[in-house]
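Visitor: Fold the following for me, if possible:
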Amino acid sequence: MRRAAVYKRCGCKTRGKAGGGRCPRLADRGHGSWYFSLELPCGRDGRRHRVRRGGFRSRAAAVQARAYLLGADVLPGRSAVTVGQWLDIWLEMRQTLSFNTRRLYTQQVNDYLKPYLGSVPLRSLTVARVQAMFVAFARANAKRQRPLSPATFVRIRGTLHAALNGAIRVGLIERNPAHLVELPSGRRPRAVVWTNARVAHWRATGERPPVAVWTARQTAEFLAHAREHPMYALYLAVALLGLRRGEATGLRWCDLDLDGEVVQISHQVQDRNGHTVVCPPKTESSVRTLALDHVLIAALRTLQAERRDNVTEPIGFLFTNRHGGPLSPGYVTHTFTRLVAEAGLPPIRLHDLRHGAASLSLAAGNDLKVVQAMLGHSSIVLTADTYTSVLPCLAHSAAEATAELVLEAARNAATSLRGQAGKKHARRRKGSRSRGKKAKK
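Guide: Here you go, the predicted structure:
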């Protein structure tokens, strides 16, 4: 029997089983709650998309929420939607979200927002209620094995803020309570360099910074250790070009022009629900053409010679699994961590090779705008704030240049003072000679 589009059910148990839609008390007023079911158009993958939402206090509220998903407007005067119900509706309507963004929003809605605010009527939500939720998060942090970071607080508020802005657009509420919430202060962790002193401290205590980059020598040691590994060219590309791991695993032979010494970054590979999929790059600025140096070209030509047969040029992805598909980014990260441990180097994340590529490029004398284009950032401010760790050699050069500037100014000042003193002395001698001549006369 096909279920109606709008129906009523409850959580009562009859003979040890949930009554659901068969409970004899469903006809009673106030017993159970209203649900709706809906089948949205098929997605890009061709799969059917069924939606079932419940917990509505009245049939009219369920009908109204279902109509909104079908494109109708929500009538503010008849709305009885709770925060949790609106968050579900809002997520269903956001069809342009990327996979990772949708997964992040869904995780924050299910783990943080709905448990604290889900039962609150949307029109009754206040700044105080939202603030109380974050206070509860802060208190619970002391009991967590891995406390929530200030950045996580900001992302949770950002998700709620975006959802409530959607409610404002359809007329459910008039102002956004998440806009005035105060959050714990916190700073984005800055990348630090694994200097000799920091390495010694790590070996003695096991303490490591949240974000760290290698020096040029440490990067060279890792690449030398991984030289015989099948993914050597991949790690070399990340270390020199600052590629994201999805961009590196998504490289295809058709994206390479070894004679022209360039590579085109046009897509990336991601892990989604246990499957490896090819998708567009992270942003529009991530689509870029990068110049290749002679070291990376030599490694890619070696890889090309290994893949080429007697008839055709290699096709498909540069780095493949045993089935010929692209490597899983998670596998690439796991292998990188193992190689770092084998090399005896201080630990960094695979993404920290991207930080290091920016720092090494700046240390080599490249302009910040060049580094921005290499990393595929839309804003040079993001490049300057996030990926430009100052390596010791660069800091030393800057200090020496500053000291030389001061010393040069001091030498110029001393030379000027000596010149002025000489002129005064010459005037004095000339004056004394002229007075002597007058005395003889």
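
Visitor: Could you use CA atoms for every contact and neighbour count after this?
Guide: Fine.

Visitor: Tell me how far residue 226 lies from residue 304.
Guide: 18 Å (CA to CA, to the nearest Å).

Visitor: Confirm for me that residue 285 is in contact with residue 379.
Guide: No - Residue 285 lies out of contact with residue 379 (CA atoms under 8 Å); the separation is 9.2 Å.

Visitor: where do the helices sit along the stretch 101-250 of the chain?
Guide: Under the criterion DSSP state H, counting those that start in this stretch, helices of the stretch 101-250 of the chain are mapped to 114-117, 127-141, 150-169, 196-205, 216-225, 232-241, 245-249.

Visitor: Can you add mean pLDDT, distance to residue 178 and mean neighbour count and give these back as a markdown table?
Guide: Listed next are the helices of the stretch 101-250 of the chain as a markdown table, based on pLDDT from 0 to 100; distance: least, CA to CA, whole Å; neighbours: other CA atoms under 10 Å:
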| stretch | mean pLDDT | distance to residue 178 | mean neighbour count |
| --- | --- | --- | --- |
| helix 114-117 | 90 | 12 | 17 |
| helix 127-141 | 86 | 6 | 15 |
| helix 150-169 | 90 | 5 | 17 |
| helix 196-205 | 92 | 41 | 12 |
| helix 216-225 | 92 | 44 | 16 |
| helix 232-241 | 93 | 39 | 23 |
| helix 245-249 | 92 | 34 | 24 |
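
Visitor: Distance to residue 339 added to the ones you listed, as TSV?
Guide: As requested, these are exported to TSV (distance: least, CA to CA, whole Å):
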stretch	distance to residue 339
helix 114-117	42
helix 127-141	34
helix 150-169	30
helix 196-205	18
helix 216-225	8
helix 232-241	11
helix 245-249	16
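
Visitor: quick one on the thing from earlier: between residue 226 and residue 304, who's got more neighbours?
Guide: Between residue 226 and residue 304, counted using other CA atoms under 10 Å, the more crowded position is residue 226 (20 against 16).

Visitor: who's in contact with the more buried one?
Guide: By CA atoms under 8 Å, 6 or more residues apart in numbering, the contact list for residue 226 reads 232, 339.

Visitor: And it, how close does it get to residue 193?
Guide: Note on residue 226: its distance to residue 193, by CA to CA, is 21 Å.

Visitor: Likewise for residue 408?
Guide: In terms of CA to CA, residue 408 sits 31 Å off from residue 193.

Visitor: So if I had to pick from these two, which one is more boxed in?
Guide: residue 193 (20 against 12).

Visitor: Give the bridge partners for that one, please.
Guide: residue 213 (DSSP bridges).

Visitor: and it, what pLDDT?
Guide: For residue 193, the pLDDT comes out at 86.

Visitor: Tell me if I'm right that it and residue 217 touch.
Guide: No - the pair residue 193 and residue 217 fails to qualify as a contact (CA under 8 Å) at a distance of 11.7 Å.

Visitor: centroid residue for this protein?
Guide: In the chain, the residue lying closest to the centroid (CA atoms, centre = their mean) is residue 282, at 9.4 Å.

Visitor: that's a helix at that one, yeah?
Guide: No - membership of residue 282 in a helix is not supported by DSSP: H, G, I helix; E, B strand; the rest coil, which gives coil.

Visitor: If I look at it, what pLDDT would I see?
Guide: In this model, residue 282 carries a pLDDT of 80.
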